[in-house]
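J.: Structure, please.
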Amino acid sequence: MADRLKNVIFQTLQRTVSRADFDWLQDRLETDDAARQTYLTAVHISEHLDQQAVDAPGKPRPSDAPGADAMSTPLAIGRHAGGSTPVTRWVLVGVVANIIALAGITWYARTHDAPSRTERGSVSLDDAVATSPAPDASSSFAAGDTDTTTERLIAGHATLRRAIDIRWPKGNSGLHEGDVLTNGTLRFDSGVAEIDFFCGATLIVEGPAELNLESDWSAEVFLGRLRANVPPVARGFTVKAADAQIVDQGTEFALQVTPDAACVEVLRGQVEIRSTDTPARQLRTGQRHWLKGSASSASDFHDLATNDDVQRRRHNAQSDRLADWQNHIRQLRRDERLIALYTADAIDRFAESSDDSLRLMFNQVGAPDERDGVLVGPVERVSGRFGNESEGLDFSRTGARVRTRTDGQYGAFTFACWARIDGLDHVYNALFLADGYENGEPHWQIDQDGRLLFSVMVDDTPGTGLGGHPQARFHHLYKTRPFWNDSNRNQWFHLVAVYDPPNRRVTQYVNGDIVGDEVIQPKFHVQDLRIGPAEIGNWGQPLRNSPWFAVRNLNGQIDELAIYDAALDANEIQSLYQQGKPLGY
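T.: Numbers count the residues shown, from 1 in each chain. This next block holds a predicted model:
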């Protein structure tokens, strides 16, 4: 209900509200204290912004503007005793828009940019976004902020820039490239991790390794080999090992730590070794020092990975991963349960020979061109989840979409896609939406709080829906717990929704793990499923006789989407994730 109130207010401000919705809003203002308070708060903000405009040099005063008297008087809440005609209602729409346009824009911006409930007060790796009063409100006051300004804060000291062939400890789901690293222990059994600290220092760490990230400026190493590159801006960056501190002075050094020994060598420049037992010692290019153990201990840095080595190894591993995925797709498309398997990459379709094929999302199931998705609007081909050698589709511009048509009747659904989410800008953010959302048709999307939403229309008769709205239709949203926040921008996710009418259950997954599992209640049970015309990444054709459409384009990318006429089990979902995951997962 709260979402509807916000939507109707915004539609009113945009002058796109229907008569029925505006009548509903009027009723809410008359009977709902919270709704009235929302309106009065908007008016207060509007008046405050107007006063700022008055005080700004060179700006016209509101009293000088046409209609200033009307602008200075808040809209009365409630109707005149004699009621209001449709004409006066639409006059009120204009008055509302004029009075609280600025406030409405402010409200919309805040609600569409505000952190989700799951982000507040969180500092963990999986949920590292929080809101807090600005640490120094006075420093931002000149930019128009007040001492009540809140902003999103991310807890962390570094990012995992690149991860190559990393094997995480058993029972640890591991990290992904681009993850923000908070303070605490980072441990892996093998592979190479490139870590960028926020101060500017970079560590290339070879496993097996264990280190503790203490701050933007320091880390303690318990096990592993590493190369530290510290530019001048990060002078003073400190690596601790074997009860000593290696304080870099804008240089490059190598460190190896084993259970029995610890050795540091300066590759370029100068470092200072500090210890509680001995005086500080300076090391320069080519010099080596044992923090623990002796020269008899094996410490060889000649094969220590460089930045070029990491880049080359990553490129080769990425190419191998792409080839494995392409072979996986060739095997997967033989699955008779598949309704469609859309990929941005052509894969054996010789797309480069046809200009028309550049406007297709290729269906790997059935005869060539059968059920191919058609790119509509400003859909852009970009790099996919396997880097520059693969392709994805970007839906971040409002009109971007892929049009599909899938005829037939089905007994169950499994939707699976790989998506990269750059932001959740809208109340609903589309993955796959049937046009008319009629009986038995699916909607699959992400809400603004980062939750997967799946639904199937039960009864598309207007007025049958919950809440009493005359246009509401009967269905149920199956929601997951939140899986996305701002710290996950630019990461790829494997998203799955399983709709299983025979077993009366809806199960949803992220990266192979269950994030939502709900029983289908008898009143929401639908056996006859269909799709028809639908869209990937948007929803633009719900009402064919209207120019208006909901803004639901996904701010992000999709490079693969599969639809099954079956309810895949957890093992099959995990296999799809493992076979399709990109490098660094």
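
J.: so Q574 touches N511, yeah?
T.: No - the pair Q574 / N511 is not scored as a contact, 9.4 Å apart, by Cβ atoms under 8 Å. (Glycine included, C-beta is placed from N, CA and C.)

J.: Which one's more surrounded, the two?
T.: Applying other Cβ atoms under 10 Å to Q574 and N511 shows that N511 carries more neighbours, namely 20 against 17.

J.: Excluding sequence neighbours, find me the nearest residue to that one.
T.: Leaving aside its chain neighbours, N511 sits nearest to H494 (5.2 Å; criterion: Cβ to Cβ, 6 or more residues apart in numbering).

J.: Please name the residues that touch the one you found.
T.: By Cβ atoms under 8 Å, 6 or more residues apart in numbering, the contact list for H494 reads A416, C417, W418, Y509, V510, N511, G512, L576, Y577, G580, K581.

J.: Closest one to L332 out of these, please.
T.: Using Cβ to Cβ, the shortest approach to L332 within the contacts of H494 belongs to L576, at 8.1 Å.

J.: Any idea how many residues pack against the residue nearest to the closest one when sequence neighbours are not counted?
T.: What sits nearest to L576 in space, not counting adjacent residues and going by Cβ to Cβ, 6+ apart, is A416, at 5.9 Å. Per other Cβ under 10 Å, the neighbour tally for A416 reads 22.

J.: A416 should be in a strand, yeah?
T.: Yes - A416: assigned to a strand according to DSSP: H, G, I helix; E, B strand; the rest coil.

J.: Look up how far Q311 lies from G512.
T.: From G512 across to Q311, the span is 29 Å (Cβ to Cβ, to the nearest Å).

J.: quick one: which of these two has more around it?
T.: When G512 and Q311 are compared on other Cβ under 10 Å, the one with more neighbours turns out to be G512, at 18 against 13.

J.: Surely that one is in contact with Q574?
T.: Yes - G512 lies in contact with Q574 (Cβ under 8 Å); the separation is 4.4 Å.

J.: give me every residue that touches the spatially most central residue of the chain.
T.: For the chain, the residue nearest the mean C-alpha position is I421 (3.7 Å; Cα atoms, centre = their mean). Contact analysis of I421 by Cβ under 8 Å, 6+ apart lists N429, I446, W484, N488, R489, Q491, F493, L554, N555, G556.

J.: right, and the pair among those with maximum separation?
T.: Within those, N429 and Q491 form the most distant pair, 15.3 Å apart (Cβ to Cβ).

J.: okay, these two: which has more neighbours?
T.: Neighbour totals were compared for N429 and Q491, and N429 leads with 27 against 21 (other Cβ under 10 Å).

J.: coming back round to it: pretty sure the residue nearest to the centre of the chain sits in a strand.
T.: Yes - secondary structure of I421 (three-state DSSP): part of a strand.

J.: if I look at it, how far off is R505?
T.: Separation of I421 from R505 (Cβ to Cβ): 26 Å.

J.: again with V180
T.: Distance, V180 to R505, by Cβ to Cβ: 35 Å.

J.: and if you look at R235?
T.: For R235 relative to R505 (Cβ to Cβ), the value is 58 Å.

J.: Likewise for E336?
T.: From E336 over to R505 the distance is 23 Å, taken as Cβ to Cβ.

J.: likewise F524?
T.: In terms of Cβ to Cβ, F524 sits 12 Å off from R505.

J.: neighbour-wise, which of those two wins?
T.: Taking other Cβ under 10 Å, F524 and R505 do not tie; F524 has more neighbours (18 against 15).

J.: give me the number of residues near the nearest residue to D528 once chain neighbours are set aside?
T.: Closest residue in space to D528, ignoring its immediate chain neighbours: G440 at 5.1 Å, by Cβ to Cβ, 6+ apart. Neighbour count for G440, taken as other Cβ under 10 Å: 18.

J.: Thanks a lot, catch you later.
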